[in-house]
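Chemist: below are the sequence and a predicted model; questions follow.
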Amino acid sequence: MNEEKYTVRLTIIVLLFLVLSFPGKFSAVAQSVSRSFETKISFPKELNTPTINFNLQSIGNKKFKLVLDKPNAQLTNVKIFDILGNLILQDQLLPDDGLQKNYDFTHLNSRIFVVEVGNAKYNKTKSIYANPHGTMEKEANLDE
């Protein structure tokens, strides 16, 4: 038993001597990774594209026109829905189409339309009651 204690003590002393004699060989060194941190925030120019501005004007019974505020520089999609959300028409405005485009839905029962104008980067939605100003719908006469 004394031999075992002596062997353990001798082993500890030898290991301690080796660690103290060769500190670079037995020390643990962590990796140091240097990286730079961003100090500025930058966005691609495509994200700053201004939204398209447009107005809807009633020009008759179930007819309206879409009027752009400025000339269209790229292909723009137009989706027209009825009040229930059904897609009625999918159209495209080309840069050569000008500032306005007329739509006629006299073949439909709906007078309220939702118009979505835009492209893959942005869109804007507006609604219109397509009945000319100053006119009222004829009410059904129940006495007849």
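Modeler: Nice, thanks for sending it over. Numbers count the residues shown, from 1 in each chain.

Chemist: following element in sequence after the helix or strand of the chain with the lowest mean pLDDT, please.
Modeler: Here the helix or strand of the chain ranked lowest by mean pLDDT, DSSP states H and E is helix 23-26, holding a mean of 58. Later in the chain than helix 23-26, the nearest helix or strand by DSSP states H and E is strand 54-60.

Chemist: and that following strand, which residues are buried?
Modeler: 54, 56, 58 (16 or more other CB atoms under 10 Å). The C-beta positions use only the backbone N, C-alpha and C, and glycine is treated the same way.

Chemist: closest one of those residues to Pro95?
Modeler: Closest approach between the buried residues of strand 54-60 and Pro95, by CB to CB: Phe54, at 14.8 Å.

Chemist: got the contact list for that closest one?
Modeler: Shown in contact with Phe54 (CB atoms under 8 Å, 6 or more residues apart in numbering): 66-69, 117, 124, 126.

Chemist: dump those residues to a markdown table, plus pLDDT, neighbour count and distance to Asn102.
Modeler: Compiled in a markdown table, these are given as follows (pLDDT from 0 to 100; neighbours: other CB atoms under 10 Å; distance: CB to CB, whole Å):
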| residue | pLDDT | neighbour count | distance to Asn102 |
| --- | --- | --- | --- |
| Leu66 | 92 | 22 | 8 |
| Val67 | 91 | 14 | 10 |
| Leu68 | 88 | 18 | 13 |
| Asp69 | 86 | 9 | 17 |
| Val117 | 91 | 24 | 15 |
| Lys124 | 90 | 12 | 19 |
| Lys126 | 92 | 13 | 16 |
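
Chemist: the strands in this protein, which residues?
Modeler: In the chain, the segments counted as strands under DSSP state E are 54-60, 63-68, 76-82, 87-93, 100-104, 112-118, 123-129.

Chemist: Arg9: which of those strands is closest?
Modeler: Comparing the strands of the chain by CB to CB, strand 123-129 comes nearest, at 81.6 Å.

Chemist: outside of the closest one itself, list whatever touches it.
Modeler: Under the contact criterion CB under 8 Å, 6+ apart, strand 123-129 has outside partners 51-58, 64, 77, 111-118.

Chemist: adding pLDDT as columns, could you present the buried residues of strand 54-60 in a markdown table?
Modeler: Listed next are the buried residues of strand 54-60 as a markdown table, based on pLDDT from 0 to 100:
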| residue | pLDDT |
| --- | --- |
| Phe54 | 90 |
| Leu56 | 92 |
| Ser58 | 90 |
